[in-house]
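Engineer: Compute the structure for the input listed below.
(chains A and B)
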Amino acid sequence: MEFGPNLIIALIEGSVQAAVLTLIAVGLSLVFGVMRVVNVAHGEFFMLGAVLAWAVASFVGGHPAVSFILALIIAPLLVGILAAAADILILKRINYDPENTIVATIGILYIIQQMTLITYGPDARPVEPPFNHRFSIPWFEYTEQGYSMYWPWGLGTTSYKLFVVAAAVAVIVLLWLAISRTKAGLMMRATQLDRDMAQSFGIPVDRVNAIVFGVGAALAALGAVLIVPIQQAHYLMGGEPLLLAFIVVIIGGLGSLPGTIVAAVFIGLSDGIISIFFAPTLAKILSTLLVAFVLIFRPQGLFGKAVR
Amino acid sequence: MRAGENRVWLLHIAVVLVILALHFVLPPYHHGILARVMVLAILAMGYNFAFGYTGLLSLGHALFFGAGMYAMGLGITGLGLSPGIAVLFAIVCSVLVSAIIGSLALRTAGVSLMIVTLMFAQAGWYLILYFGEITRGDEGFVIPQAQRLVAGIDLADSNNRYLIALILFAIVLFTTLKLVRSSFGKALVAIRENEERAKMLGYNVFAYKLGAIIVSGTISGLAGAAYGLLFGYVGATFASVQYSILPLLWVLLGGASTILGPFVGTLFMTYLIDISSEFTEAYLLVAGVILVLLTLFARQGIVGEVKKRFAPWLP
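Structural biologist: Below is the predicted model:
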């Protein structure tokens, strides 16, 4: 294929990546923004979402659409409850001390990952998409007879991939509305701004923390349910999205939701494009170094404004 | 004071002598494990110097461990250096790498420092994978036995391996003991406890922290070089994030900012994983549970608890 069609493919694959990455990173960013907690176990909540989607699909059976809708509800809910429990049982007890929290979430990471290995096993398992129509995309080329349209081999996508992008956009819009328009969102923002002041105004800060931690994990699980028909569920799948989400959250500015979304689209697309035209490893080297240098020289993030 | 000083040195000399005595009595299996534990404890001691004594939470020590290991390994197989020179080469490389990483990463602190070190280490790991033609990537490469002769001593022999691991372990143990009791080490603890105050007292905090990272990174690099040389294998796994998390785990378990803690933690953890891997392939579950329990109930670690309850004089 030539450059043009290749670029289109890269853009489509990149936007699917970017959509799911946005969900994961927004979850991570939300938790950091409100609770000041760096959740190293975030990738494992993503992985649990994928494994639960597989479990629902194989337990329910029937048409893949039925189990897909069930998984969309059950997986984020269960993962959210598990995360909230981890917050209450572990993180709250160590008073969210930054360094201890990192150590504790590393521990939670291993516990979730290894428990999955024991129960689910080491295999990668596919989940059938609820619908999957392939269609090709035409391409225009200048020939001797002027412009002509043709369908290059391999240039195409599936309806499900487009659905993933649309679903992620819808979830982000809903989340945005929930944060900016509802009372719960107001409580959350108050906690984010000043925890002690919020507490003295009668906001149950402990409960807000548990819910935010749960919602953050549920967003990652939701992203996993969406992506698992394209990828596969595997107990080690949490590592890479965690790293990418970290990169996104830092480049977008720690704790800033708009910055996170912009950065997720930017990183998701550029990762897709660089991976198609260059070696994927090179893309990883560049993006990890970018993060390190952003944190060193521009700690508010590339898109964030200076705070404090 | 004088008596206390003697007590400290006697204790650590006794530990080294006990390990030496074990050389003659341990069955081969445990003999092999202890040799490995000693080399990994060097990594943990290096990590402890930055994390325990200076309060710098790094998640990037796999980079230093890997740098030392690859500098040694590629020095032998690629540049044709003799093992002794290759280890010196690895030390020089570790000093350079830790000086560069330190001078960049130390512009940040706390959580940012952890993420920056993690990112540099990941970049290093990806670099090893990217240059797979030279480094053999994930697969790694073996250092042939013929190239593991130092002054006629065959490092592939398990007895020699144990004794050389013990010598290196003892050197690092006494060096760190000396360092943390020097004015340099005391300044590091002062910075950990209250950086602003140390600054106000006129200490160049950045220079001290950089010094701590260089010492820490160099010791970790030496551990990497020793591991590769003694066990004859160099691979990308040793530069992966797992080898940044493990030293943190060992140090926390044994007791941060104690001299014997890293060794005790490495020993306990190695045996815990060894025992649990007989029952399940999910042996890292033990690591996870211990990390969580440590943060919840035993913030001081094993040696730290002993120090707190019975022996406040432990360094």
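Engineer: Low-confidence stretches in the stretch 151-300 of chain A?
Structural biologist: Applying pLDDT under 70 to the stretch 151-300 of chain A flags the ranges A:151-156, A:254-255.
Engineer: Show me which residues of it are close to chain B?
Structural biologist: A:239, A:243, A:246-247, A:250, A:279, A:281-282, A:284-285, A:288-289, A:291-292, A:295-297, A:299 (C-beta under 8 Å from any C-beta of the partner chain). Every C-beta, even on glycine, is put in place using the N, C-alpha and C of the backbone.
Engineer: Out of those, name the ones that lie in helices.
Structural biologist: Per DSSP state H, helices hold the following members of these: A:239, A:243, A:246-247, A:250, A:281-282, A:284-285, A:288-289, A:291-292, A:295-297.
Engineer: ok, of these, which come out buried?
Structural biologist: Buried subset of these (neighbour count, 16 or more other C-beta atoms under 10 Å in any protein chain shown): A:239, A:243, A:246-247, A:250, A:281, A:284-285, A:288-289, A:291-292, A:295-296.
Engineer: Not counting its neighbours along the chain, what's nearest B:I214?
Structural biologist: Excluding the flanking residues, the one nearest B:I214 by C-beta to C-beta, 6 or more residues apart in numbering or on different chains is B:S98, at 4.9 Å.
Engineer: Please settle this for me: is the one you found part of a helix?
Structural biologist: Yes: B:S98 sits within a helix when classified using DSSP: H, G, I helix; E, B strand; the rest coil.
Engineer: Surely it touches B:L222?
Structural biologist: No: taking contacts as C-beta atoms under 8 Å, B:S98 lies outside contact range of B:L222: 11.3 Å.
Engineer: In terms of neighbours, single out the busier of these two.
Structural biologist: B:S98 (30 against 25; other C-beta atoms under 10 Å in any protein chain shown).
Engineer: so A:N132 makes contact with A:T158?
Structural biologist: Yes: assessed by C-beta under 8 Å, A:N132 is found in contact with A:T158 at 5.2 Å.
Engineer: quick one: which of these two has more around it?
Structural biologist: A:T158 (18 against 14).
Engineer: bridging residues for that one?
Structural biologist: A:R134 (DSSP bridges).
Engineer: who's in contact with it?
Structural biologist: By C-beta atoms under 8 Å, 6 or more residues apart in numbering or on different chains, the contact set of A:T158 is A:P129, A:N132, A:H133, A:R134, A:F135.
Engineer: I'd like the distance between it and A:F131.
Structural biologist: According to C-beta to C-beta, to the nearest Å, A:T158 and A:F131 sit 9 Å apart.
Engineer: And for A:G27?
Structural biologist: Taking C-beta to C-beta, one finds A:G27 at 26 Å from A:F131.
Engineer: Those two: which is more packed in?
Structural biologist: Shown here are A:G27 and A:F131; by other C-beta under 10 Å, A:G27 has more neighbours (30 against 14).
Engineer: And that one, which helix or strand is it part of?
Structural biologist: Here A:G27 sits within helix A:3-35, counting by DSSP states H and E.
Engineer: other SSEs contacting that helix?
Structural biologist: Packing contacts for helix A:3-35, counted by 3 or more C-beta pairs under 8 Å, 6 or more residues apart in numbering or on different chains; DSSP states H and E, involve helix A:42-60, strand A:139-143, helix A:159-181, helix A:183-193, helix A:205-227, helix A:239-251, helix A:257-277.
Engineer: how far does the last one sit from the chain's center?
Structural biologist: Okay, so that is helix A:257-277. On the basis of C-alpha atoms, centre = their mean, to the nearest Å, helix A:257-277 sits 12 Å off its chain's mean C-alpha point.
Engineer: what mean pLDDT does the one helix or strand B:R192 maps to have?
Structural biologist: Using DSSP H and E, B:R192 sits in helix B:183-193. Averaged across helix B:183-193, pLDDT comes to 86.
Engineer: Does it reach chain A?
Structural biologist: No: figure legend: helix B:183-193 not in contact with chain A (C-beta under 8 Å from any C-beta); closest approach 11.7 Å.
Engineer: Check which element follows that helix along the chain.
Structural biologist: Next along the chain after helix B:183-193, with elements defined by DSSP H and E, is helix B:195-200.
Engineer: Pull out the buried residues from that following helix.
Structural biologist: Of the residues in helix B:195-200, those buried (16+ other C-beta under 10 Å) are B:E195, B:A198.
Engineer: Stretch B:16-23 too?
Structural biologist: B:I19.
Engineer: How far away from the center of its chain is that stretch?
Structural biologist: The answer for stretch B:16-23 is 20 Å, by C-alpha atoms, centre = their mean.
Engineer: send the alpha carbons of that stretch over as CSV?
Structural biologist: Extracted as CSV, the C-alpha positions of stretch B:16-23 are listed here (Å, rounded to 0.1, in the frame of the first residue of the first chain):
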residue,chain,number,x,y,z
VAL,B,16,30.0,-12.2,57.1
LEU,B,17,31.8,-14.9,59.0
VAL,B,18,28.5,-16.8,59.5
ILE,B,19,27.9,-16.7,55.8
LEU,B,20,31.5,-17.9,55.2
ALA,B,21,30.9,-20.8,57.7
LEU,B,22,27.7,-21.7,55.9
HIS,B,23,29.8,-22.2,52.8
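Engineer: That stretch - what's its average pLDDT?
Structural biologist: 83.
Engineer: Next: stretch B:50-58.
Structural biologist: Mean predicted lDDT for stretch B:50-58 stands at 88.
Engineer: Would you mind measuring the gap between the ends of it?
Structural biologist: 8 Å (C-alpha to C-alpha, to the nearest Å).
Engineer: for the record, mean pLDDT for the helix holding A:G27?
Structural biologist: Helix A:3-35 comes out at a mean pLDDT of 85.
Engineer: any idea of the angle that helix forms with helix A:42-60?
Structural biologist: 110 degrees (axes from the mean of the first three to the mean of the last three C-alpha atoms, to 10 degrees).
Engineer: what comes up buried for helix A:3-35?
Structural biologist: A:5-6, A:8-10, A:12-35.
Engineer: What are the boundaries of the helices in chain B?
Structural biologist: B:2-25, B:28-48, B:61-77, B:83-105, B:110-130, B:132-135, B:158-181, B:183-193, B:195-200, B:205-231, B:242-254, B:261-276, B:284-297, B:301-309.
Engineer: and the fifth one, what's its mean pLDDT?
Structural biologist: Taken as a whole, helix B:110-130 has a mean pLDDT of 87.
Engineer: cool, the last one as well?
Structural biologist: Over the span of helix B:301-309, the pLDDT mean works out to 78.
Engineer: residues of that helix that come out buried?
Structural biologist: In helix B:301-309, counting by 16+ other C-beta under 10 Å, buried: B:G301, B:I302, B:V303, B:G304, B:V306, B:K307.
Engineer: for the longest one, same thing?
Structural biologist: In terms of neighbour count (16+ other C-beta under 10 Å), helix B:205-231 has its buried residues at B:205, B:208-231.
Engineer: Could you check the angle it makes with helix B:28-48?
Structural biologist: Using the same axes, to 10 degrees: helix B:205-231 against helix B:28-48 is 160 degrees.
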